[in-house]
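> Have a look at this prediction, sequence included:
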Amino acid sequence: MRKDIKRKPFGSGDLEALCKVLAKTETGLTGSEIAHTLAQIDIVDTDPTMTKWKRLYNAFVNDQNKRQYGNKVLSFIATALQPTRYINNRELYGLILVDVNTVLAFHGLEFRDDGKFHTIKSVSTLTEAEKRSKKLKTSIFDRNLHEDLLRFCSAELLQDNYFHAVLEATKSVASKVRSMTGLNSDGPQLIDDVFGGSNPILKINAFKTDTEKSEQKGFTNLAKGLFGTFRNPTAHAPKIEWNLGEQDALDLFTLASYVLRRIGNSYK
């Protein structure tokens, strides 16, 4: 999003929704963080003694009335939701982004975990806006997906783009393995190089008993199957020829999340 474009002021309903997310007691900014962030972007903290979300709301309204544009609201979001602030709590970060982006979708904007705003097709109804975020929320709460998977797939899931989300999910597995081993191969070959053979580079267990070695072999085949079943079709087939439904996509994400957890807990 170009910084020199003046955005029209946000309506009262939008501001209230944004403020309630950003200042939520359990997950949002603290009072001191609100004060610091407002000062950083040159917004007057008009009512510092009020309830957090009302304090933030009044500051936004006052600033918009004075400037007649809404850029400072976006500046606050970008400053408050800097990705580095959530390095140790990526799941929470994903949830906050979902709620913020539900509001921003009405304005044709989306804030992503690269710390930038992106232009998207705007929505006109709350149902449509919530639909974009529903799948990701369901995945996080009900499936407890691995944080690496969410980092790779969140943008695609927000747009219900299962075709490309599947491709990103398998990329997250390869990326995890390469980061732990320093190898540069990819796909089934990478899995074989790392988990296969009589003395694997990464072991998912003690690798001493026949049962443990059998589990290692089974995991290797499972991870290779992930690439063969899901990555290869999405990488080579046109989207129109490879139709993936919601349930299949969510099942894949669960499988990929399991593989990622086992990889993360493996021994070098």
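On my side now, so go ahead.
> where does the stretch 151-268 of the chain have low pLDDT?
For the stretch 151-268 of the chain, applying pLDDT under 70 flags the ranges 151-163, 230-246.
> now swap in the stretch 1-150 of the chain and tell me
1-4, 91, 130-144, 150.
> make it 80
In the predicted model of the stretch 1-150 of the chain, residues 1-5, 25-27, 88-92, 94-95, 124-150 satisfy pLDDT under 80.
> which stretches of it form helices?
12-22, 31-40, 52-67, 71-80, 90-104, 126-143, 147-158 (DSSP state H, counting those that start in this stretch).
> can you list those helices in JSON lines and add mean neighbour count?
(Glycine included, C-beta is placed from N, CA and C.) Output for these, formatted as JSON lines (neighbours: other Cβ atoms under 10 Å):
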{"stretch": "helix 12-22", "mean neighbour count": "19"}
{"stretch": "helix 31-40", "mean neighbour count": "16"}
{"stretch": "helix 52-67", "mean neighbour count": "19"}
{"stretch": "helix 71-80", "mean neighbour count": "20"}
{"stretch": "helix 90-104", "mean neighbour count": "20"}
{"stretch": "helix 126-143", "mean neighbour count": "16"}
{"stretch": "helix 147-158", "mean neighbour count": "23"}
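> Among the ones you listed, which comes closest to S175?
When those are compared by Cβ to Cβ, helix 147-158 sits nearest S175, at 7.4 Å.
> After the closest one, which helix or strand is next? Please name it.
The helix or strand immediately downstream of helix 147-158 is helix 162-181, counting by DSSP states H and E.
> now the helices of the stretch 1-150 of the chain as CSV including distance to A165?
Formatted as CSV, the helices of the stretch 1-150 of the chain follow (distance: least, Cβ to Cβ, whole Å):
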stretch, distance to A165
helix 12-22, 24
helix 31-40, 32
helix 52-67, 32
helix 71-80, 24
helix 90-104, 14
helix 126-143, 9
helix 147-158, 4
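> These: which one's closest to K213?
Among these, if distance is taken as Cβ to Cβ, the winner is helix 147-158, at 26.6 Å.
> ok, S75 - contacts?
Contacts for S75 were tallied using Cβ atoms under 8 Å, 6 or more residues apart in numbering; they are I41.
> swap that for N184, sorry
R178.
> Quickly note the distance from R7 to A174.
From R7 across to A174, the span is 38 Å (Cβ to Cβ, to the nearest Å).
> higher neighbour count, the two?
A174 (19 against 15; other Cβ atoms under 10 Å).
> My understanding was that the more buried one contacts D186; is that so?
Yes - if you go by Cβ atoms under 8 Å, A174 and D186 touch, sitting 5.6 Å apart.
> Just the buried residues of stretch 166-186, please?
Counting neighbours by 16 or more other Cβ atoms under 10 Å, one finds that the buried residues in stretch 166-186 are 166-177, 181, 186.
> let me redo that: stretch 24-32
Result for stretch 24-32 [16+ other Cβ under 10 Å]: buried residues 28-29.
> List the contacts of it.
For stretch 24-32, the external contacting residues (Cβ under 8 Å, 6+ apart) are 21-23, 37, 48, 52-53, 55, 80, 92, 95-96.
> Got the phi and psi for the closest residue to K52 other than its chain neighbours?
Of all residues not flanking K52 in the chain, A23 sits nearest, at 3.8 Å (Cβ to Cβ, 6 or more residues apart in numbering). Per-residue torsions, A23: phi -110, psi 20 (degrees, to the nearest 10).
> ditto for the one 4 residues further on
Main-chain dihedrals, T27, degrees, to the nearest 10: phi -130, psi -10.
> what's the most distant pair in the contacts of stretch 24-32?
P48 and L95 (27.1 Å).
> For D47, list the residues it contacts.
By Cβ under 8 Å, 6+ apart, the contact set of D47 is 54-55, 58-59.
> mind listing the helices for the stretch 151-268 of the chain?
Going by DSSP H, counting those that start in this stretch, the stretch 151-268 of the chain shows helices at 162-181, 187-195, 210-226, 232-236, 246-264.
> burial measure for the residue nearest to K52, as a count.
Using other Cβ under 10 Å, A23 is surrounded by 22 other residues.
> now swap in A165 and tell me
26.
> how close does it get to L145?
Distance from A165 to L145, by Cβ to Cβ: 11 Å.
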